[in-house]
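Peer 1: from the sequence below, what's the structure:
(one chain, ligands or ions: 3)
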Amino acid sequence: MRSAKDFFAPLAVGAPAPVREVPARPSRAIHFFDPSNPKMAAKVPAMVGTVDVLLGNLEDAVKADKKIEAREGLVRIGQEVDFGPTQLWTRINSLDSPWALDDLTTLVPAIGHKLDVVMVPKVQGAEDIHYVDRLLAQLEAKAGLERPILVHAILETARGVANVEEICGASPRMQGLSLGPADLAADRRMKTTRVGGGHPGYLVRQDPPKGEDGTAQIEAQRATYQQDLWHYTVARMVDACAAHGIYPYYGPFGDITDVVACEDQFRNAFLLGCVGTWSLHPKQIAIANRVFSPSVEDIRHARRVVAAMGDGTGAVMLDGKMEDDASLKQCLVMVDLAEQLAAIDPELKKQYDAIDAEPQGA
Ligand SMILES: CCC(=O)SCCNC(=O)CCNC(=O)[C@H](O)C(C)(C)COP(=O)(O)OP(=O)(O)OC[C@H]1O[C@@H](n2cnc3c(N)ncnc32)[C@H](O)[C@@H]1OP(=O)(O)O
Ligand SMILES: O=CC(=O)O
Ligand SMILES: [Mg+2]
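Peer 2: Ligands and ions are numbered 1, 2, ... in the order given. A predicted model of the protein is given here:
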């Protein structure tokens, strides 16, 4: 393990100094596109400003015989497109694949100055992050980059989940983690065949009613409640990220047509502490932007609590409910997020600003 004193020293002579705090940039939707797909690539320039993150995907979902085309397509897009307020990320191939090394050694010199984050799939432990950390430092030094490229790991193996805390703390480059439910399900040998979301078979059933003789009527009509397959992993991921000052994200929701269940899955993640999610299709961007932006009602309430709490200590009654230092802290999380989002999203700014113009007591 590196000494705490050395943790923020560059890992290669001439590499930029590591960040001491991960910048809190809005990233409600990380929108995946395949740079080898001409139709998707053509849509990228027009998507700038409509989505917080555009991610050129080089890994799964890109055909094996298109890997080099995808990498070169991303270089071209990175060089030609002005990304303005939108972040540019990439997902490289897994570290044991024939492509990962060339992904990094090609992308960093060519578009490293525009790349905000490299997403690394199938991360198993801190050793994977250490490898990428040192390699990125060497490549940044060689390319003369002035700011470090951050690293995001996908939590999609059982070993990765077991090592989640050490992954989060492995490097000051660590920006965040995403849940990878498809690969994780396979690695855990779960018996699902879906990309994220729920499963009708994963449920609890209401207790049976009792008959007149006191026996359980197990054949009676009994309500069932579908459970969230991903609750445990998302909650672990959120805790590990919060403990290390980095950001947690839900991952893919593969049923593109089921926009309702998609929104539910995203909202569960938002409520549990995630800051964003992946978008696989243009229609998932609006869902993510809506879900991962605090509602006007929440901001109205949060601002009233902030105002009522004065110096932030003690307890007050508001609408029949007790508010104190701890509920104030929750409200401040929402208010801070709203401010960050309003700074980049004029429509949201209008909605949040309108709260101030409402009559008192509304
Ligand atoms: C499961 C584990 C993982 O690793 S998930 C992450 C990896 N997977 C991905 O990145 C998938 C990305 N998405 C896709 O490949 C496509 O959206 C899939 C799901 C195949 C659907 O494509 P398609 O059948 O063309 O959809 P569509 O006809 O409704 O598309 C309408 C127009 O939109 C385009 N489009 C589609 N997806 C994207 C995208 N992600 N980014 C930008 N554009 C996209 C389509 O090309 C289509 O364009 P046009 O109107 O024909 O010009
Ligand atoms: O890469 C994502 C996943 O779900 O697998
Ligand atoms: Mg995966």
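Peer 1: can you pull out the strands in the stretch 101-250 of the chain?
Peer 2: Here the stretch 101-250 of the chain has its strands, by DSSP state E, counting those that start in this stretch, at 117-120, 150-155, 174-179, 203-205, 224-226, 247-249.
Peer 1: can you give me the helices in this protein?
Peer 2: For the chain, applying DSSP state H gives helices covering 38-47, 67-80, 100-111, 126-143, 158-162, 164-168, 181-188, 231-244, 259-272, 282-291, 296-308, 325-344, 346-356.
Peer 1: out of these, the one nearest ligand 3 is which?
Peer 2: helix 181-188 (3.6 Å; C-beta to the ion). To be clear about C-beta, it is placed using only N, CA and C from the backbone, and glycine gets the same treatment.
Peer 1: show me which residues of the closest one are buried.
Peer 2: P181, A182, D183, L184, A185, D187 (16 or more other C-beta atoms under 10 Å).
Peer 1: may I see these organised as TSV, with pLDDT and distance to ligand 2 added?
Peer 2: Converted to TSV, the buried residues of helix 181-188 look like this (pLDDT from 0 to 100; distance: C-beta to the nearest ligand atom, whole Å):
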residue	pLDDT	distance to ligand 2
P181	98	5
A182	98	3
D183	98	3
L184	98	7
A185	98	8
D187	98	9
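Peer 1: between these, which is nearest ligand 1?
Peer 2: Using C-beta to the nearest ligand atom, the shortest approach to ligand 1 within the buried residues of helix 181-188 belongs to A182, at 3.7 Å.
Peer 1: touching, that closest one and F253? I think so.
Peer 2: No - applying C-beta atoms under 8 Å as the test, A182 and F253 come out as separate, 10.3 Å apart.
Peer 1: next to ligand 2, which bits of the stretch 201-350 of the chain? Give me the list.
Peer 2: Proximity of the stretch 201-350 of the chain to ligand 2 is confined to G251, P252 under the rule C-beta under 6 Å from any ligand atom.
Peer 1: returning to that earlier point: tell me the most buried of the helices of the chain?
Peer 2: helix 164-168 (a mean of 21; mean count of other C-beta atoms under 10 Å).
Peer 1: one step back: tabulate the helices of the chain in TSV, adding columns for distance to N93.
Peer 2: Listed next are the helices of the chain as TSV, based on distance: least, C-beta to C-beta, whole Å:
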stretch	distance to N93
helix 38-47	18
helix 67-80	7
helix 100-111	5
helix 126-143	12
helix 158-162	16
helix 164-168	18
helix 181-188	13
helix 231-244	22
helix 259-272	26
helix 282-291	23
helix 296-308	40
helix 325-344	31
helix 346-356	36
